[in-house]
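Colleague: Starting from these lines, generate the structure:
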Amino acid sequence: MELRRWRRKVWRAKNMAYTAMALLIVGAVWWWLVEPAGWTIPPPPLPVGLIMLSGIGYVIARGWLLWLNMKRNRPGAARQKG
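Modeller: Next comes the predicted model:
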């Protein structure tokens, strides 16, 4: 059961990272397509907000995945310490 819960958490962290990257791409495309077309300065606030939130979400997901994959956080690590 412990291994199953750990795998489910790893799966969630990976999916969170994939979703964040997809939202980053959506934000970049949105910025590109908003009038006037192209990478305009100043950028439109909604696409940039989406890009920033997805970047933060990606960093959080990768940190969570790194934490889950540390040897001490893997299932059965407490039993192996003897």
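Colleague: Quick one: list the elements packing against the helix or strand where Ile51 lies.
Modeller: Per DSSP states H and E, Ile51 falls inside helix 45-68. Applying 3 or more C-beta pairs under 8 Å, 6 or more residues apart in numbering; DSSP states H and E, we find helix 45-68 packed against helix 2-33. Where C-beta positions appear, they are placed from N, C-alpha and C, glycine not excepted.
Colleague: got the angle for the helix it packs on vs helix 45-68?
Modeller: Interaxial angle, helix 2-33 versus helix 45-68 (axes from the mean of the first three to the mean of the last three C-alpha atoms, to 10 degrees): 160 degrees.
Colleague: Give me the buried positions along helix 2-33.
Modeller: By neighbour count with 16 or more other C-beta atoms under 10 Å, helix 2-33 contains the buried residues 6, 13, 16-17, 20, 23-24, 27-28, 31.
Colleague: between these, which is closest to Leu50?
Modeller: Gly27 (3.7 Å; C-beta to C-beta).
Colleague: contacting residues around that closest one?
Modeller: 47-51, 54 (C-beta atoms under 8 Å, 6 or more residues apart in numbering).
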